[in-house]
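here is a sequence together with a model predicted from it:
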Amino acid sequence: MKCPFCSNPDTQVVETRESEDGGFIRRRRRCGGCDKRFTTYERPEVSLPTIVKKDGRRIEYERAKLQGSFQIALRKRPVSTALIDEAIDRIEDRLLNSGQREIDSSRLGELVMDELKGLDKVGYIRFASVYRSFEDVDDFKSIMDEVRSPKGRAKAKTEPH
């Protein structure tokens, strides 16, 4: 592993820790050249499906793009980064378990909407308004009606304040 500070190829592992869920390994390293320390993460490499865009282009799946979508939808909302990461992990699990080599971007968008609906209703509506290209207030009204289920209103009435 090359040092990110001086590019020296001689680095030494000082400490190794496995994540709580066993999903990755964190290694603290020290450079033999400049003596600076840095952290690396090892994750198993898995083959996620290629994303097929609406115009037919095919692009590689990128977790960072999905994280960006969640962060935009949930900006200034009370949802932790850990919950976002768990939602993305569930989406990736579904993609892997599908066994498909390609998946339409619209299907990926629906998976994101499913996760957002469970995390935060406002984030869900924000994402849906862009994803579904809302054009007028009626579009917002219909999705608001969708998230306001009768079960949700009944539960709110019975909870003590």
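Structure received.

state which helix of this protein is the longest.
Ranked by residue count under DSSP state H, the longest helix found in the chain is helix 81-98.

which residues of the chain fall in helices?
Remark: helices assigned in the chain by DSSP H are 63-73, 81-98, 105-119, 121-131, 137-147, 150-158.

wait, which of those helices is closest to Glu20?
helix 81-98 (11.0 Å; Cβ to Cβ). Every C-beta, even on glycine, is put in place using the N, C-alpha and C of the backbone.

now the closest one against helix 105-119, angle please.
140 degrees (axes from the mean of the first three to the mean of the last three Cα atoms, to 10 degrees).

now stretch 36-44: buried residues?
Using 16 or more other Cβ atoms under 10 Å as the test for burial, stretch 36-44 gives no buried residues.

nope, stretch 28-37 is what I was after
Arg29, Arg30, Cys31.

quick check on the nearest residue to the last one once chain neighbours are set aside: phi, psi?
Using Cβ to Cβ, 6 or more residues apart in numbering and skipping residues adjacent in sequence, the residue nearest Cys31 is Cys3, 3.9 Å away. Here is the backbone geometry of Cys3 (degrees, to the nearest 10): phi -70, psi 130.

and the residue lying farthest from the centre of the chain, how close does it get to Ser47?
Using Cα atoms, centre = their mean, the residue of the chain lying farthest from its centre is Gly33. It sits 36.5 Å away. Separation of Gly33 from Ser47 (Cβ to Cβ, to the nearest Å) stands at 35 Å.

returning to that earlier point: the residue nearest to Cys31 against Thr11, yeah?
Yes. In this structure Cys3 lies within contact range of Thr11 using Cβ atoms under 8 Å: 5.6 Å.
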